[in-house]
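Q: what would the 3D arrangement of this be:
(4 chains)
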2 protein chains.
Amino acid sequence: MSKSNNVYKDAYNRCLRLLDETKSLPSEPELGTLLGVSRTTVRSILARMEETGLIAWNKRSKTVLRAPRPDDFFPEEETDTLAEIIERSFMRRLLAGGAEAGMQINELELAREIGVGTTSVREFLIRFSRFGLIEKRRNSHWVLKGFTRAFALELTEIREMFELRSAAAFAALPEESPVWADLDRLEDEHRLLAREIASRFNEFSELDERFHRLIHRASHNRFIVDFYDVIAMIFHYHYQWNKAQERERNEVAVAEHLVYIAALKSRDLGKVDAACRKHLKSARNTLLTSIPEAGSRNVLDARRA
Amino acid sequence: MSKSNNVYKDAYNRCLRLLDETKSLPSEPELGTLLGVSRTTVRSILARMEETGLIAWNKRSKTVLRAPRPDDFFPEEETDTLAEIIERSFMRRLLAGGAEAGMQINELELAREIGVGTTSVREFLIRFSRFGLIEKRRNSHWVLKGFTRAFALELTEIREMFELRSAAAFAALPEESPVWADLDRLEDEHRLLAREIASRFNEFSELDERFHRLIHRASHNRFIVDFYDVIAMIFHYHYQWNKAQERERNEVAVAEHLVYIAALKSRDLGKVDAACRKHLKSARNTLLTSIPEAGSRNVLDARRA
DNA sequence: ATAATGTCTTTTATCGTGAAAAAACATTTT
DNA sequence: AAAATGTTTTTTCACGATAAAAGACATTAT
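A: Numbering: from 1, shown residues only, chains lettered A, B, ... in the order given. This next block holds a predicted model:
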């Protein structure tokens, strides 16, 4: 097997959802832009849709014949990229097994266990290494540094440094900047979520990321913007394993965000600084409470504790 | 060809240099630690040294028979890792060709041009991407972001943030910390270099890196420590292309380092901050003067200007 | 003339393979 | 017994090959 066609399958599924809305599909290049794939993939999608009787396709005319049924969709798991599959497996091992700091990581073993080639695992590890959780020994194996309290503290230290600076830059942005409209929109979403927090608290994580990324972008510094990938990754998995008081935590965070947003809109640097610090402090505490032990104990131990 | 034996060749060369000093070599594990390679490689080295009549090898006894001659050494270029070879080729293209920002990078073409497999090029690009000079388009090519003024400014902004914090942490380290001895040793080296700056100015770059890495390490933050790799990489190539007033620049930098060191030893945070700022400011200016044009012009243009 | 479709070429993503190097195990020496 | 040497196994590194996907070129339709 050389390469899975997950790009095609994922785009196909997304295209199916488009079918519900219109009675005929746009041109091939337009569809390509819409789905974020090349025309080659678009044509494969159209070919299959014609085959399964979803559309009638003749050159420019692509008429929708019937609404898509559940079984028209490709199974979810077939639409994931290899990188996602490897990351998920790796993180599961990291969070679930006895993943002690200092433990060595075996590329071959990982590859066999996940059922992929070693090349993909190697590439994943190289990409993953920027998160600071693993480290390579020169012409030898990788070493796990562990999801420790030290890691969380180092991560949040940088985060605070970067976000305080970004928030200040944000507040100094001119009135005409489009970010203010983005911020207004995010504020509305926050108010909406705050009102329905009881049922929708699990939607916060996604909103949180969009909000902080908007702020970080104001720094106009690629290193700051890129660093948010590290934070996002950690918080993504953090949200998955630490469900304790999720509702309460998110409720508090939404409120903090609203204060933070108000501070930004006031352009008062003092207020911005205070609101930002307060929110980041509680974010740090949330993260830290899930890694209670000092030193070598891992996340699973932390959960058991 | 599956894998070059550069590890062996490099270790062999380094081992040859050891021969000059002693009349017999230590045990295999000891040699392994000394050279930073496994026993397997040590044994290959010993086997060849026996073959070429450099040593008599019988179990524990490894007697040196003759001094190594120049032709005993493997050629320098055969001791480089593939990663080094690819990096050098890539940087040469980046700095010498019409490497405009926005230009796309072709893995296959790069691999063919350098004469290596695509996998190695891919892995290199992934590793290299953390320097912020290239970016990947989802399931498509890499894009060059260009060695622009904006890049230099973003880089130095982070550097200043990180180093000011590290320097403050350094100054706050207790008397017993071994870093003070390291600092004393570095100070001596600086004084020595300052005295002979006329002939040894080109040795500064290496000393510079060791000095700044020592300071960054005081942050005890892996993200700060790791970020110095980005700075080191940029300055490494910067030193190679920008030879204008090299002697003068380095002379000034050595003097600034000495002030900086004195400030650290005084433990006076105000002084440390001032000395650090002053040095980083001139480092930034040095870097910026080699990228004079705003926006899209590249390094070669900059050199011509 | 512009923008679509149809066709062909190139590049990317992934695997299996084999040599280099590391690591593990077994045996001998001090 | 501890530490070395000798031997075998495992892992890492790098390649060529191949299908998926992107991209380029040619042709046709509005």
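Q: need the contact partners of stretch A:16-26.
A: Stretch A:16-26 has contacts (Cβ atoms under 8 Å, 6 or more residues apart in numbering or on different chains) with A:15, A:31, A:34, A:46, A:49, A:54-55, A:61-64, A:67-68, A:72-73. To be clear about C-beta, it is placed using only N, CA and C from the backbone, and glycine gets the same treatment.
Q: restrict these to those near DNA strand D?
A: Among the contacts of stretch A:16-26, none lies close to DNA strand D by the criterion of Cβ under 7 Å from any atom of the strand.
Q: list only buried entries from these.
A: Neighbour counting by 16 or more other Cβ atoms under 10 Å in any protein chain shown classes A:15, A:31, A:46, A:49, A:54, A:55, A:62, A:64, A:68, A:72, A:73 among those as buried.
Q: run through the bridge partners of the residue of chain A most remote from its centre.
A: Here chain A reaches farthest from its C-alpha mean at residue A:58, the gap being 39.1 Å by Cα atoms, centre = their mean. With DSSP bridges as the criterion, residue A:58 is bridged to residue A:61.
Q: restricted to strands, list the buried ones among the contacts of stretch A:16-26.
A: When the buried ones among the contacts of stretch A:16-26 are checked against strands (DSSP state E), the matches are A:55, A:62, A:64.
Q: and which of those residues is nearest DNA strand C?
A: residue A:62 (6.8 Å; Cβ to the nearest atom of the strand).
Q: just to check, that closest one is in contact with residue A:55?
A: Yes: Residue A:62 is in contact with residue A:55 according to Cβ atoms under 8 Å; the separation is 5.3 Å.
Q: joint contacts of those two?
A: A:25, A:46.
Q: give the buried residues for the helix or strand residue A:252 falls within.
A: Element membership of residue A:252, judged by DSSP states H and E, is helix A:246-266. For helix A:246-266, a neighbour-count test (16+ other Cβ under 10 Å) marks A:249, A:250, A:251, A:253, A:254, A:256, A:257, A:260, A:261, A:263, A:264 as buried.
Q: my read: the last one touches residue A:170, true?
A: Read that as residue A:264. Yes: counting by Cβ under 8 Å, residue A:264 does reach residue A:170; the two are 5.8 Å apart.
Q: can you list residues touching both of those two?
A: The contact sets of residue A:264 and residue A:170 overlap at A:215, A:272 (Cβ under 8 Å, 6+ apart).
Q: mind putting the buried residues of helix A:246-266 in a markdown table, pLDDT included?
A: As requested, those are exported to a markdown table (pLDDT from 0 to 100):
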| residue | pLDDT |
| --- | --- |
| A:249 | 93 |
| A:250 | 94 |
| A:251 | 95 |
| A:253 | 96 |
| A:254 | 97 |
| A:256 | 98 |
| A:257 | 98 |
| A:260 | 98 |
| A:261 | 98 |
| A:263 | 98 |
| A:264 | 98 |
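Q: how about those in TSV, adding distance to chain B?
A: Output for the buried residues of helix A:246-266, formatted as TSV (distance: Cβ to the nearest Cβ, whole Å):
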residue	distance to chain B
A:249	25
A:250	27
A:251	30
A:253	23
A:254	28
A:256	24
A:257	25
A:260	21
A:261	25
A:263	22
A:264	21
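Q: now for the lengthiest helix in chain A, which elements pack on it?
A: The helix that spans the most residues within chain A, counting by DSSP state H, is helix A:149-171. Where contact means 3 or more Cβ pairs under 8 Å, 6 or more residues apart in numbering or on different chains; DSSP states H and E, helix A:149-171 is packed against helix A:204-217, helix A:222-241, helix A:246-266, helix A:269-289, helix B:149-171, helix B:222-241.
Q: indicate which one of these is closest to residue A:180.
A: Relative to residue A:180, the nearest member of the helices and strands packed on helix A:149-171 by Cβ to Cβ is helix A:246-266, separated by 7.7 Å.
Q: relative orientation of that closest one and helix A:149-171 in degrees?
A: 30 degrees (axes from the mean of the first three to the mean of the last three Cα atoms, to 10 degrees).
Q: what sits up against helix A:246-266?
A: Here helix A:246-266 makes contact (Cβ under 8 Å, 6+ apart) with A:167, A:170-171, A:180, A:183, A:186-187, A:190-191, A:193-194, A:197-198, A:201-202, A:204-205, A:208, A:211, A:215, A:239, A:271-272, A:274-276, A:278-279, A:282-283, A:286.
Q: emit the ChimeraX select command for whichever of the residues you listed are buried.
A: Selecting only the buried entries of the contacts of helix A:246-266 in ChimeraX, with 16+ other Cβ under 10 Å as the criterion:
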select /A:167,170,171,183,186,187,190,193,194,197,201,204,205,208,211,215,239,271,272,275,276,279,283,286
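Q: buried ones in stretch A:88-98?
A: Neighbour-count burial for stretch A:88-98 flags A:89, A:90, A:91, A:93, A:94, A:95 (criterion: 16+ other Cβ under 10 Å).
Q: show me which pair in the contacts of stretch A:16-26 is furthest apart.
A: Longest span within the contacts of stretch A:16-26, Cβ to Cβ: A:61 and A:73, 24.4 Å.
Q: tally of neighbours for residue A:178?
A: Applying other Cβ atoms under 10 Å in any protein chain shown, we find 8 residues neighbouring residue A:178.
Q: DNA strand C contacts on the stretch 101-250 of chain A?
A: So far as Cβ under 7 Å from any atom of the strand goes, the stretch 101-250 of chain A lies against DNA strand C at A:116, A:117, A:118, A:119, A:120, A:137, A:139, A:140, A:141.
Q: can we see that at 6 Å?
A: Residues of the stretch 101-250 of chain A that fall close to DNA strand C, judged by Cβ under 6 Å from any atom of the strand: A:116, A:117, A:118, A:119, A:120, A:139, A:140, A:141.
Q: for the last one, which non-adjacent residue is closest in space?
A: Spatial nearest neighbour of residue A:141, chain neighbours left out: residue A:104 (4.7 Å); criterion: Cβ to Cβ, 6 or more residues apart in numbering or on different chains.
Q: can you pull the contacts of that neighbour?
A: Per Cβ under 8 Å, 6+ apart, neighbours of residue A:104: A:141, A:142, A:143, A:144.
Q: got a winner among the residues you listed for most neighbours?
A: Most neighbours among these, by other Cβ under 10 Å: residue A:142, with 20 neighbours.
Q: around the residue lying closest to that one once chain neighbours are set aside, how many other residues sit close by?
A: Spatially, and ignoring its direct neighbours in sequence, residue A:142 is nearest to residue A:105 (4.0 Å; Cβ to Cβ, 6+ apart). Using other Cβ under 10 Å, residue A:105 has 20 other residues around it.
Q: quick one: residue A:105 and residue A:34, what's the gap?
A: Counting by Cβ to Cβ, to the nearest Å, the separation of residue A:105 from residue A:34 is 40 Å.
Q: repeat for residue A:247
A: In terms of Cβ to Cβ, residue A:247 sits 36 Å off from residue A:34.
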